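Undergrad: Sequence and predicted structure, then a few things I'm wondering about:
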Amino acid sequence: MKIKPLSNHILIEPDKEEKKTKTGILLPETAEKERPEQGKVIAVGPGKKTSAGKIIPLDVKPGNKVLFTKYGPNEIKVENKEYLIAKEEDILAILE
């Protein structure tokens, strides 16, 4: 299944983090975990439409690694894979 975001929405594949304590103990996936705040952009919508009908393109492109707000994006699951859908306003930075 292919997902094509609309408007100023961005499809993000969140980074999978291994949780380690300061002493080097790996925590299992069943341990309480927080949502990651970084991920890879998979797809972007065409952009936000102004009141005059002009489309303003997004600054992020597929393949960018981004930093986003922790609780802004919505979680979705497609074909047993987890993704996030965020608005452009939820993206804080492009990581280089």
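TA: Sure thing, it's come through.
Undergrad: what's the helix or strand for Leu6?
TA: Using DSSP states H and E, Leu6 maps to neither a helix nor a strand.
Undergrad: Distance-wise, check it relative to Glu89.
TA: 15 Å (Cβ to Cβ, to the nearest Å). (Glycine included, C-beta is placed from N, CA and C.)
Undergrad: which ones are touching the residue positioned nearest the centre of the chain?
TA: In the chain, the C-alpha nearest the mean C-alpha coordinate belongs to Ile12, at 3.1 Å (Cα atoms, centre = their mean). Contacts for Ile12 were tallied using Cβ atoms under 8 Å, 6 or more residues apart in numbering; they are Gly39, Lys40, Val41, Ile42, Val66, Phe68, Pro73, Tyr83, Leu84, Ile85, Ala86.
Undergrad: ok, now Ser7?
TA: Here Ser7 is in contact with Gly45, Pro46, Gly47, Lys48, Lys49 (Cβ under 8 Å, 6+ apart).
Undergrad: Out of those residues, who's the most crowded?
TA: Using other Cβ atoms under 10 Å as the neighbour test, the contacts of Ser7 are led by Gly45, with 19 neighbours.
Undergrad: Could you pull up the residues touching that residue?
TA: Lys4, Pro5, Leu6, Ser7, Asn8, His9, Ile10, Leu58.
Undergrad: Could you identify the buried members of those?
TA: Neighbour counting by 16 or more other Cβ atoms under 10 Å classes Pro5, Asn8, His9, Ile10, Leu58 among the contacts of Gly45 as buried.
Undergrad: From Lys87, how far out is the second one?
TA: What it means is Asn8. For Asn8 relative to Lys87 (Cβ to Cβ), the value is 6 Å.
Undergrad: ok, the residue lying farthest from the centre of the chain to Lys16 distance?
TA: The outermost residue of the chain relative to its centre, with distances by Cα atoms, centre = their mean, is Thr23 at 29.8 Å. Look at Thr23 and Lys16: by Cβ to Cβ, they are 22 Å apart.
Undergrad: and of the contacts of Ser7, the nearest to Lys77?
TA: Lys77 lies nearest to Gly45 out of the contacts of Ser7, by Cβ to Cβ, at 19.9 Å.
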